[in-house]
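*Asks:* could you work out the structure for the sequence below:
(one chain, ligands or ions: 1)
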Amino acid sequence: MSTVILKIGGSVITKKEKEMLADFEAIKRIAKEIKEAFERNPNLKLVLVHGGGSFGHRIADKYNIHLGLKSEDQILGFTKTIQVMRKLNLIFVEELQNIGLPAIPLQPSAISIQEDSKLSDMFIKTLMSALNLGCIPVLWGDDVFDEKQGFSILSGDHIVPYLAQKLDSERVIFGTNVDGVFDSDPNTNKNAKLIRLIRPNNIEKILKNVSGSKTTDVTGGMRRKILEVLPIVEKRIQVEIINAKKEGYVLQSLLGNKELGTLISI
Ligand code: IP8
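*Replies:* Numbering: from 1, shown residues only. Prediction:
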């Protein structure tokens, strides 16, 4: 079985209304669903990636990390963002381990290099060793060194397609706080319809109506997600966007159900 990459959005595992507030209830439920997926399919090979939510985004925004190194005072902000993301990861990985899952944190800023905010290299030999040993590597959106800009933000949304290609995955899953991609903004239009299937040839049209993120999200929300995955969809990797806030969706999706949200496929 090929490796499945599951990204759990920061909006699912943190409470965005307050800085650095983890949603323990959601994290515990997701850990349980992942555990059950392994029990029902012991051949599952899984890499987890999580987002920043109310941990990474506000501090990265405060220090303008996305602009790259412009002034000395940003350097402390760069290191502080890495630290708060480690805190969120600690909580997430601890809950996975508490339930008996051999989750192992792999700090993206320690193994990745970007060039103009684009991931140019990631040392993935440790990740492969972890997978071969039956561990669940856990990565996350992070601030990383950038050969052109000094530093930049590496979104989990960018890690997922990168790893999918390196690991030759057949499918990746984005667990978000919405049901999938809508034909208009569901926050402002109550008649907004969920799009079940997106093909590369109708992506342009769909993107016209898809917005970024409402809360502080320095990496761009749903729109950016779709743009990030387009190259891998063209390489026949299936992308699913599901609502990970809904009980059982992560489990069902890991077990192969592709009808839970929006499927992006060739
Ligand atoms: O939430 C962003 O990761 P994302 C991480 O996956 C930081 O886009 C440091 C803001």
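
*Asks:* got the contact list for L88?
*Replies:* If you count contacts by C-beta atoms under 8 Å, 6 or more residues apart in numbering, L88 has them with G10, I13, T14, M20, A22, H50, G52, G53, F55, G56, W140. All C-beta atoms are positioned from the backbone trio N, CA, C, and that covers glycine.

*Asks:* what helix or strand is the spatially closest residue to N209 that is not a sequence neighbour on?
*Replies:* Nearest residue to N209 in three dimensions, chain neighbours excluded: S184, at 5.1 Å (C-beta to C-beta, 6 or more residues apart in numbering). Under the criterion DSSP states H and E, no helix or strand holds S184.

*Asks:* any idea how far S184 lies from the ligand?
*Replies:* 23 Å (C-beta to the nearest ligand atom, to the nearest Å).

*Asks:* and if you look at D157?
*Replies:* 5 Å.

*Asks:* tell me the SS of that residue?
*Replies:* Three-state call for D157 (DSSP: H, G, I helix; E, B strand; the rest coil): helix.

*Asks:* returning to that earlier point: now, of the contacts of L88, which are buried?
*Replies:* Buried subset of the contacts of L88 (neighbour count, 16 or more other C-beta atoms under 10 Å): G10, I13, T14, A22, H50, G52, G53, F55, G56, W140.

*Asks:* get me the contact residues on this structure for the ligand.
*Replies:* Within the chain, the positions adjacent to the ligand are 10, 51-52, 56-57, 60, 81, 85, 141-143, 153, 155-157, 218-219 by C-beta under 6 Å from any ligand atom.

*Asks:* rewinding a little: and the buried ones among the contacts of L88, which of them are in strands?
*Replies:* With strands defined by DSSP state E, the entries of the buried ones among the contacts of L88 inside them are H50, W140.

*Asks:* and the buried ones among the contacts of L88, which of them are in helices?
*Replies:* Within these, residues falling in helices by DSSP state H are G10, I13, G53, F55, G56.

*Asks:* check what pLDDT the first one gets.
*Replies:* The reference is to G10. If you check G10, the pLDDT there is 96.

*Asks:* now the one 4 residues further on
*Replies:* pLDDT, the model's per-residue confidence, is 97 for T14.

*Asks:* what segments of the protein are strands?
*Replies:* 4-8, 46-50, 103-105, 112-115, 118-122, 136-140, 142-146, 150-154, 171-176, 181-182, 194-195, 197-198, 238-243, 262-264.

*Asks:* for these, which one sits closest to K28?
*Replies:* Ranking these by proximity to K28 (C-beta to C-beta) places strand 4-8 first, at 12.7 Å.

*Asks:* in the stretch 101-250 of the chain, what residue is nearest the ligand?
*Replies:* For the stretch 101-250 of the chain and the ligand, the shortest gap (C-beta to the nearest ligand atom) falls at G141, measuring 1.8 Å.

*Asks:* what is the burial count for that residue?
*Replies:* Neighbour count of G141, defined by other C-beta atoms under 10 Å: 30.

*Asks:* neighbours of N187, just the number please.
*Replies:* By other C-beta under 10 Å, 11 other residues sit near N187.

*Asks:* what packs against the lowest-mean-pLDDT helix or strand in the chain?
*Replies:* The weakest-scoring helix or strand in the chain, judged by mean pLDDT, DSSP states H and E, is helix 203-207 (a mean of 84). Using 3 or more C-beta pairs under 8 Å, 6 or more residues apart in numbering; DSSP states H and E as the contact test, the elements touching helix 203-207 are helix 221-234.

*Asks:* how does it look with 10 Å?
*Replies:* With contacts defined as 3 or more C-beta pairs under 10 Å, 6 or more residues apart in numbering; DSSP states H and E, helix 203-207 has these neighbours: strand 181-182, strand 197-198, helix 221-234, strand 262-264.

*Asks:* average pLDDT for the third one?
*Replies:* The pLDDT scores in helix 221-234 average 90.

*Asks:* kind regards, and thank you for your time.
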